[in-house]
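**Q** The amino acid sequence is not available; the structure is as follows:
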């Protein structure tokens, strides 16, 4: 079986960093280039991934670290246009009894009339995912104070050429939980039918 890790990934990737960090998101799985996404750190190491294999917009996906350990299970709830997602910190089979780590409610753009894509609840903390319009479309994750905690845009090469619709650069502010941010990136990708 072929290796899917180009470099030896660290055995543990810190979930928090005291510095702002940049990631590259490729909205493809490394497993036969199927549905999912692969997230690289600034050193080019795979730090997170989601593999949906042949099923696009699956009702259940797993966020994994670079070595394939499940960090979070994300389950779809409700009907497609107005539904949402629950995220669980484990991969156990009895998730119905477990309390969600986070909950995401999707907003229908035609009814809301703005760029709000999703409302996120993580315990008592609340966040919003806002669509960015324009040449380099992407999204922001903001807290209720309006502070940007993460922002994703289409990635540009060093000469300014857009690398494609499926390659994003993600900037995460310091002291933010990377696994939560990557889970929210996954939910946004699912809501936009990108994986």
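**A** Received it, and whenever you're ready, just let me know what you need. Predicted model only: the values in this text are computed from it and were never measured. Residues are numbered from 1 along each chain as shown.
**Q** End to end on stretch 51-65, go ahead and measure it.
**A** Across stretch 51-65, the terminal residues are separated by 11 Å (Cα to Cα, to the nearest Å).
**Q** What's the mean pLDDT across it?
**A** Taken as a whole, stretch 51-65 has an average pLDDT of 77.
**Q** residue ranges of the strands in the protein, please?
**A** Secondary structure of the chain, counting by DSSP state E: strands at 21-26, 35-40, 46-53, 60-65, 70-77, 84-88, 102-106, 116-122, 125-132, 138-143, 148-154, 167-172.
**Q** In TSV: the ones you listed, plus distance to residue 184.
**A** The way it works is simple: take the backbone N, C-alpha and C, and place the C-beta from them, glycine included. As requested, the strands of the chain are exported to TSV (distance: least, Cβ to Cβ, whole Å):
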stretch	distance to residue 184
strand 21-26	12
strand 35-40	12
strand 46-53	12
strand 60-65	10
strand 70-77	10
strand 84-88	8
strand 102-106	7
strand 116-122	6
strand 125-132	6
strand 138-143	6
strand 148-154	8
strand 167-172	11
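**Q** Could I get these in JSON lines, plus columns for mean neighbour count?
**A** Formatted as JSON lines, the strands of the chain follow (neighbours: other Cβ atoms under 10 Å):
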{"stretch": "strand 21-26", "mean neighbour count": "18"}
{"stretch": "strand 35-40", "mean neighbour count": "23"}
{"stretch": "strand 46-53", "mean neighbour count": "21"}
{"stretch": "strand 60-65", "mean neighbour count": "20"}
{"stretch": "strand 70-77", "mean neighbour count": "19"}
{"stretch": "strand 84-88", "mean neighbour count": "21"}
{"stretch": "strand 102-106", "mean neighbour count": "20"}
{"stretch": "strand 116-122", "mean neighbour count": "18"}
{"stretch": "strand 125-132", "mean neighbour count": "17"}
{"stretch": "strand 138-143", "mean neighbour count": "20"}
{"stretch": "strand 148-154", "mean neighbour count": "19"}
{"stretch": "strand 167-172", "mean neighbour count": "20"}
